[in-house]
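**Student:** How does the following fold in three dimensions:
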Amino acid sequence: MALIKSYKGLSPRWGKDCYFSENATLVGDVTLGDQCSVWFNAVVRGDVAPITIGDRTNMQDGSCIHVTHETGPNHIGSDVTIGHNVTVHACTIRDGALIGMGATLLDDCEVGEGSIVAAGALVLQGTHIPPHQIWGGVPARYIKPTRPGQTDNAAHYVEYAKEYMKDNQ
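**Tutor:** Residues are numbered from 1 along each chain as shown. Model prediction:
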């Protein structure tokens with residue numbers, strides 16, 4: 001069972017059919033929609049400001065979703081994929097975005113609907129990525145537009161989660 005921890009009277013809440021790996025951690029003012037997944041060693045820590053996550057969003061192994069009381073909250077849309085070892089801090093990620101492995105998103109940045117942040121990218125504080133664009137590098141810069149269907153990865157993680165839940169009942 002994942003570590004689900006209250007903080008200052010606020011407890012994580014989630015919708016139906018969510019999967020949390022055994023060593024995932026959810027703390028405080030965290031709200032997840034339906035069919036979300038939080039994978040191995042991922043942390044969703046809403047201790048100083050709220051974290052709101054839509055439906056079918058996945059936070060993969062080793063990722064950290066956090067906030068700060070001065071620039072929070074954190075809003076993550078539906079059908080978002082947050083790759084392995086990503087840091088998301090007090091920002092907004094719109095529906096259908098894909099955040100590549102090892103990327104870092106700093107305070108008050110915004111990733112537009114259906115956009116991709118490439119693996120290893122650093123999205124600086126206050127950066128606003130428009131919809132359907134690929135950004136990468138350190139610091140992250142515009143690379144090119146996305147192709148239709150290029151960010152349709154979240155559905156795979158809904159299926160993976162179903163298999164994990166089935167195998168571990």
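
**Student:** So in the chain, which strand runs the longest?
**Tutor:** For the chain, the strand that runs over the most residues, judged by DSSP state E, is strand 43-53.

**Student:** partners of it in the sheet?
**Tutor:** Strand pairing for strand 43-53, determined by DSSP bridges: strand 25-32 (parallel), strand 64-66 (parallel), strand 74-76 (parallel).

**Student:** Which residues does the helix or strand just after that strand contact?
**Tutor:** Later in the chain than strand 43-53, the nearest helix or strand by DSSP states H and E is strand 58-59. Strand 58-59 is contacted from outside by 36-39, 42, 44, 65, 80-82, 86, 154, 157-158, 161, using CB atoms under 8 Å, 6 or more residues apart in numbering. In this view, the C-beta of every residue, glycine as well, is placed from N, C-alpha and C.

**Student:** so of the residues you listed, which ones are in strands?
**Tutor:** Using DSSP E, these in strands are S37, V38, V44, I65, T81, I82.

**Student:** Looking at the residues you listed, point me to the pair that's furthest apart.
**Tutor:** V44 and T81 (14.8 Å; CB to CB).

**Student:** if we can go back for a sec, which one of the contacts of strand 58-59 is nearest to L124?
**Tutor:** Out of those, the member with the shortest distance to L124 (by CB to CB) is V86, at 15.4 Å.

**Student:** you'd agree that closest one is up against I93?
**Tutor:** No - counting by CB atoms under 8 Å, V86 does not reach I93; the two are 10.1 Å apart.

**Student:** Which per-residue confidence value corresponds to G149?
**Tutor:** Turning to G149, the model gives it a pLDDT of 87.

**Student:** Return the member of the ones in strands among the contacts of strand 58-59 nearest to N74.
**Tutor:** Comparing the ones in strands among the contacts of strand 58-59 against N74 with CB to CB picks out I65 as the nearest, at 6.2 Å.

**Student:** okay, now that closest one: neighbour count?
**Tutor:** Using other CB atoms under 10 Å, I65 is surrounded by 26 other residues.

**Student:** Also R94?
**Tutor:** R94, neighbours per other CB under 10 Å, totals 21.

**Student:** Next, the contact list for it, please.
**Tutor:** R94 neighbours (CB under 8 Å, 6+ apart): G77, E110, V111, G112, E113, G114, S115, P131.

**Student:** ok, and the closest non-adjacent residue to it?
**Tutor:** E113 (4.1 Å; CB to CB, 6 or more residues apart in numbering).

**Student:** what comes up buried for the helix or strand of the chain with the lowest mean pLDDT?
**Tutor:** In the chain, no helix or strand scores lower on mean pLDDT, DSSP states H and E than helix 154-167, which sits at a mean of 90. Neighbour-count burial for helix 154-167 flags A154, Y157, V158, A161 (criterion: 16 or more other CB atoms under 10 Å).
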